[in-house]
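1. Could you look at this predicted model? Sequence included:
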Amino acid sequence: MSDELMNEEIIEPSKPKKPEDYYGTFSTDFIYEYKDQPDIRDGKCDNCGNSHFQISIGNKKLLRECRQCGMKKNI
Ligand SMILES: [Zn+2]
């Protein structure tokens, strides 16, 4: 009798992610909040790693927009 073995899935222990693994995973239509989404790398864009931002002030908050990919975050 030859039972077919279920394909075993190898479950890897969750590897620590690098900041680069998050690049391109953020929406640029959405405004993130720093308290919900702190910088993965301090002072760098979570979405592309760029460190040049355009800052605008509104609603007593600083809106930081990445000059490269356009990701926005209230800081
Ligand atoms: Zn960016």
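-> Received it, and whenever you're ready, just let me know what you need. Fair warning: this is a prediction, and the values are worked out from it, not measured in the lab.
2. List the contacts of the residue nearest to residue 51 when sequence neighbours are not counted.
-> Closest residue in space to residue 51, ignoring its immediate chain neighbours: residue 44 at 5.1 Å, by C-beta to C-beta, 6 or more residues apart in numbering. Just so you know, the C-beta spots here come from the backbone N, C-alpha and C atoms, and that holds for glycine as well. Contacts of residue 44 were listed using C-beta atoms under 8 Å, 6 or more residues apart in numbering, and they are 19, 50, 51.
3. filter the residues you listed down to the ones close to the ion.
-> residue 50 (C-beta under 5 Å from the ion).
4. Going by distance to the ion, which of the contacts of residue 44 wins?
-> Using C-beta to the ion, residue 50 is the member of the contacts of residue 44 that lies nearest the ion, at 4.5 Å.
5. Tell me the confidence at the closest one?
-> Listed pLDDT for residue 50 reads 98.
6. State the pLDDT value of the closest residue to it other than its chain neighbours.
-> Nearest in space to residue 50, with sequence neighbours left out and distances taken as C-beta to C-beta, 6+ apart, is residue 68 at 3.9 Å. In this prediction, residue 68 carries a pLDDT score of 98.
7. Could you pull up the contacting residues of residue 68?
-> Residue 68 makes contacts with 45, 48, 50, 52, as judged by C-beta under 8 Å, 6+ apart.
8. again with residue 66
-> When the contact criterion is C-beta under 8 Å, 6+ apart, the partners of residue 66 are 45, 47, 48, 50, 52, 53, 72.
9. Going through the residues you listed, which ones are buried?
-> Burial by neighbour count, 16 or more other C-beta atoms under 10 Å: within the contacts of residue 66 this picks out 45, 47, 48, 53, 72.
10. check the residues you listed against the ion, which are close?
-> Checking the buried ones among the contacts of residue 66 against the ion (C-beta under 5 Å from the ion), the matches are 45, 47, 48.
11. Doesn't the first one belong to a strand?
-> No: counting by DSSP: H, G, I helix; E, B strand; the rest coil, residue 45 is not part of a strand but coil.
12. Specify the beta-bridge partners of the closest residue to it other than its chain neighbours.
-> Once flanking residues are discounted, residue 45 sits nearest to residue 66: 4.2 Å by C-beta to C-beta, 6+ apart. On DSSP bridges, the residues paired with residue 66 through beta bridges are residue 53.
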